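J.: fold the following for me, if possible:
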Amino acid sequence: QLQLRESGGGLVQPGDSLTLSCTASGADFGRYAVAWFRQPPGKEREFVASANWLDSNRYYADFAKGRFTISRENGENMLYLQMDNLKPEDTAVYYCTADYTLGTPSPFHNEYQYTGQGTQVTVSS
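T.: Residues are numbered from 1 along each chain as shown. Just a heads-up that it's a prediction; the model follows:
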């Protein structure tokens, strides 16, 4: 059974960059569609970015385009989210997700079978 563990969150200032990591274990991560979601305080969980298992297609939420980059290293069982020019509204718990059955990654978190425990990102001056 696949297990996911996020890391790299923290407190940063507006305009800073941060890279989140997701370490996968327990299965061949390279066959899974993956995604990052986030949940701002008091709000619903929302889609951030996703990639298919080949990493040939990547998708981004509008707020993430041009600032965030999703990438994966299947051989290392790693997923990343590079976040640049962070804004206070990016403050949220960020979750790594994966699913074996999705050919095309989904923007809906309930379609992913596996989710990590989350990592807190706080953007504040």
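
J.: sketch out the low-pLDDT regions of the chain for me.
T.: Within the chain, no stretch has pLDDT under 70.

J.: going along the chain, name the strands of this structure.
T.: Along the chain, the stretches classed as strands by DSSP state E are 3-7, 10-12, 18-25, 33-39, 46-51, 58-60, 68-73, 78-83, 92-99, 114-115, 119-123.

J.: tell me which of these lies nearest to P105.
T.: Evaluated over those, closeness to P105 peaks at strand 46-51, with 3.4 Å, by C-beta to C-beta. Where C-beta positions appear, they are placed from N, C-alpha and C, glycine not excepted.

J.: quick one, what contacts the residue lying closest to T104 once chain neighbours are set aside?
T.: Closest residue to T104 apart from its sequence neighbours, by C-beta to C-beta, 6 or more residues apart in numbering: N52 at 6.5 Å. Contacts for N52 (C-beta atoms under 8 Å, 6 or more residues apart in numbering) come out as A33, L102, G103, T104, P105.

J.: which ChimeraX command selects the buried ones in these?
T.: Selection of buried members from the contacts of N52 for ChimeraX, criterion 16 or more other C-beta atoms under 10 Å:
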select :33,102,105
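
J.: how near is the residue lying closest to D16 once chain neighbours are set aside to Q13?
T.: Nearest-residue entry for D16: L86, 5.3 Å, with adjacent residues in sequence omitted and distances by C-beta to C-beta, 6+ apart. With distances defined as C-beta to C-beta, to the nearest Å, the gap from L86 to Q13 amounts to 8 Å.

J.: mutual contacts of these two, please.
T.: In contact with both L86 and Q13: V123, using C-beta under 8 Å, 6+ apart.

J.: and those two? Which one has more around it.
T.: L86 (21 against 10; other C-beta atoms under 10 Å).
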